[in-house]
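J.: Let's see this in three dimensions:
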Amino acid sequence: MNFEWQLALRLLREGRAQTALIAAGIGLGVAVVVFLTALINGLQANLIARTLGSQAHITLTAPDRTVIPAQLPGPLEFQSVQPRPQRVAPILNSALLLRQLAAEPEITAISPLVSGAAFALRGTADKSVAVIGVDPEAYTRIIPLQTQLVAGEWRLGSEEAVIGRRLADELGIQTGDRLTLQSAGGRSLNVTVRGIFELGVKDPDRRWVLLSLRSAQNLLNLAGEITGIDLTVRDLFTADPVAARLQQQHDITAESWMTSNQQLMTGLRSQSASSSVIRFFVLVSVAFGIASVLAVAVVQKQRDIGILRAMGMPRRAVLRVFLIQGGVLGLFGALAGSVAGAGLARLFAGLVRNTQGDPLFPIALTPELFLSAIAVAVFTGLLAAALPASRAAALDPVKAIRNS
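T.: Residues are numbered from 1 along each chain as shown. Predicted structure coming up:
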């Protein structure tokens, strides 16, 4: 250990009360930052997981048909263009599009599907449902429905279906029961319910009826065609630009989960902004605490600094001594604060639970959180020590000894 480190640590040991006080202040600030960040990140991750538990990152569909007004000769005083009614339209050249999507490095999973409206009939009861035809293996890479089953199994063979729990309750259906599906075009299909799922989202749990891709194509009179493609991307927060690029490159409509959940994204941004403001003011208070303690240390040790300077200690060495003190205070405070913040977060998550016994406020304690908290605290310590350190380095040795 060189002389500068020895001197810096000795000065910290001599002022034990001040060192302990500022380290405790830094630790408290870091604990608050770790606790709030873990809580907010956990809430955001839980909200996103619940939102994406019933939808893909990006959904591709056929473009809407538009009406081009006719250009009639002569002046037009009045013109009214009525929007054209839209029906379930298949994606053209879907096989080529699927091959092109498979070559995209950002896309991690692809699931073609067929969707349309139908009626579910059982006895005298009938319900309007959304029929979704999927490839079971490909679809579970998008939405892990096999983990959300409350009864039966995830199996979609010929004339087999998996439905939502609310729909099953309304129709009085259990696994193994038969159900009749009738499309708007008059086609009907009798299926056996093999599984019942619950996503915790009202619309899927009440309206979704999942069939095999071929069964849904036959019911909706779309033999060999698909009406949509669900995608997941490597980084879910890049879904918007990826969707925009795919829509520009291909003759399709691409909608990301970020576009279809604008209110959620607004809430997430508000949470992140409030967390950043809190962290900023906590770090400012920590910086002022370190700077004030080191400024007092410069005044108290003015004679010692003057003697060291008179003995030939260079200004840069004096500067480094006080910077080392700021960095060490930041490091020890950050370590203590990280442990305290993690303990507080775990205690809070364990005490506050919902009716099912799960944590009401999930937390996200990651190595990146602790490393970033420690790095920011050390940087703040160095930054706060810069002014007292420069003042100590600028002391004239003769004046320092004479005035002390």
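
J.: what about the longest helix seen in the chain, distance to the chain center?
T.: In the chain, ranked by residue count with DSSP state H as the criterion, the top helix is helix 262-300. When distances are taken as Cα atoms, centre = their mean, to the nearest Å, helix 262-300 is centred 22 Å away from the chain's centroid.

J.: what about it, average pLDDT?
T.: Per-residue pLDDT values over helix 262-300 give a mean of 74.

J.: Now do it: which elements does it pack against?
T.: Taking 3 or more Cβ pairs under 8 Å, 6 or more residues apart in numbering; DSSP states H and E as contact, the helices and strands that helix 262-300 lies on are helix 16-52, helix 315-351, helix 367-393. Any C-beta I mention is one placed from the backbone N, CA and C, and that applies to glycine too.

J.: Out of these, which gets nearest to V134?
T.: helix 16-52 (16.5 Å; Cβ to Cβ).

J.: Give me the buried positions along the closest one.
T.: Applying a neighbour-count criterion of 16 or more other Cβ atoms under 10 Å, the buried positions in helix 16-52 are 18-19, 22-23, 25-44, 46-48, 52.

J.: So L7 versus V321, what's the distance?
T.: 5 Å (Cβ to Cβ, to the nearest Å).

J.: no no, G185
T.: The gap separating G185 from V321 is 84 Å, by Cβ to Cβ.

J.: Who's the closest spatial neighbour of the residue nearest in space to the middle of the chain, skipping the chain neighbours?
T.: For the chain, the residue whose C-alpha lies nearest the mean C-alpha position (Cα atoms, centre = their mean) is A45; its distance is 4.8 Å. Across the structure, with Cβ to Cβ, 6 or more residues apart in numbering as the measure, the residue nearest A45 apart from its sequence neighbours is A364 (5.6 Å).

J.: cool, Y139 as well?
T.: Distances taken as Cβ to Cβ, 6+ apart put S111 closest to Y139, at 4.7 Å, once the chain neighbours are dropped.

J.: Can you give me the neighbour number for the one you found?
T.: Applying other Cβ atoms under 10 Å, we find 22 residues neighbouring S111.

J.: where does it land in three-state SS?
T.: Here S111 is strand, with the state taken from DSSP: H, G, I helix; E, B strand; the rest coil.

J.: just A254 next, same as before
T.: Per three-state DSSP, the local secondary structure of A254 is strand.

J.: How many residues are close by it?
T.: Using other Cβ under 10 Å, A254 has 23 other residues around it.

J.: residue contacts, it?
T.: Contacts of A254 were listed using Cβ atoms under 8 Å, 6 or more residues apart in numbering, and they are 58-60, 243-244, 246-247.

J.: what bits of the stretch 1-150 of the chain have low per-residue confidence?
T.: Judged by pLDDT under 70, the stretch 1-150 of the chain has its weakly predicted residues at 1, 64-88.

J.: Show the residue spans covered by the strands in it.
T.: Assigned by DSSP state E, counting those that start in this stretch, the strands in the stretch 1-150 of the chain fall at 58-61, 107-122, 125-134, 149-152.

J.: just checking, what packs against the longest one?
T.: Meaning strand 107-122. Taking 3+ Cβ pairs under 8 Å, 6+ apart as the contact definition, the neighbouring helices and strands of strand 107-122 are helix 94-102, strand 125-134, helix 136-139, helix 165-171, strand 178-183, helix 213-219, strand 228-233.

J.: Throw those into a markdown table and include mean neighbour count, thanks.
T.: Rendered in a markdown table, the data for the helices and strands packed on strand 107-122 read as follows (neighbours: other Cβ atoms under 10 Å):
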| stretch | mean neighbour count |
| --- | --- |
| helix 94-102 | 14 |
| strand 125-134 | 19 |
| helix 136-139 | 17 |
| helix 165-171 | 18 |
| strand 178-183 | 17 |
| helix 213-219 | 21 |
| strand 228-233 | 22 |
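
J.: want to throw the ones you listed into JSON lines with distance to N190?
T.: Compiled in JSON lines, the helices and strands packed on strand 107-122 are given as follows (distance: least, Cβ to Cβ, whole Å):
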{"stretch": "helix 94-102", "distance to N190": "28"}
{"stretch": "strand 125-134", "distance to N190": "14"}
{"stretch": "helix 136-139", "distance to N190": "20"}
{"stretch": "helix 165-171", "distance to N190": "14"}
{"stretch": "strand 178-183", "distance to N190": "5"}
{"stretch": "helix 213-219", "distance to N190": "11"}
{"stretch": "strand 228-233", "distance to N190": "25"}
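
J.: Quick check on L7 and V321: which one has the bigger neighbour count.
T.: V321 (26 against 21).

J.: Against T19, how distant is the residue lying closest to that one once chain neighbours are set aside?
T.: Leaving aside its chain neighbours, V321 sits nearest to A8 (4.8 Å; criterion: Cβ to Cβ, 6+ apart). The spacing between A8 and T19, counted by Cβ to Cβ, is 11 Å.

J.: cool, L12 as well?
T.: With the distance defined as Cβ to Cβ, L12 ends up 5 Å from T19.

J.: who touches both of the two?
T.: Between them, L12 and T19 share the neighbouring residues L329, with contact defined by Cβ under 8 Å, 6+ apart.

J.: coming back round to it: out of the helices and strands packed on strand 107-122, which is closest to F3?
T.: Minimum separation from F3 across the helices and strands packed on strand 107-122 (Cβ to Cβ) falls at strand 228-233, 54.7 Å.

J.: Note down every partner strand of the closest one and its orientation.
T.: In the sheet containing strand 228-233, the strands it pairs with under DSSP bridges are strand 58-61 (antiparallel), strand 107-122 (antiparallel).

J.: Can you say which of those is packed in most?
T.: Among the strands paired with strand 228-233, ranked by average contacts under mean count of other Cβ atoms under 10 Å, first place goes to strand 58-61 (a mean of 24).

J.: The helix or strand where Q248 lies versus helix 94-102: what angle between them?
T.: Q248 belongs to helix 239-249 when assigned by DSSP states H and E. Orientation check (axes from the mean of the first three to the mean of the last three Cα atoms, to 10 degrees): helix 239-249 against helix 94-102 gives 140 degrees.

J.: what residues does helix 239-249 touch?
T.: Contacts made with helix 239-249 from outside it, assessed by Cβ under 8 Å, 6+ apart, are listed as 57-58, 60, 101, 104, 106-107, 233, 252-259.

J.: Pull out the buried positions in that helix.
T.: Taking 16+ other Cβ under 10 Å as the basis for neighbour counts, the residues of helix 239-249 that come out buried are 239-240, 242-243, 246-247.
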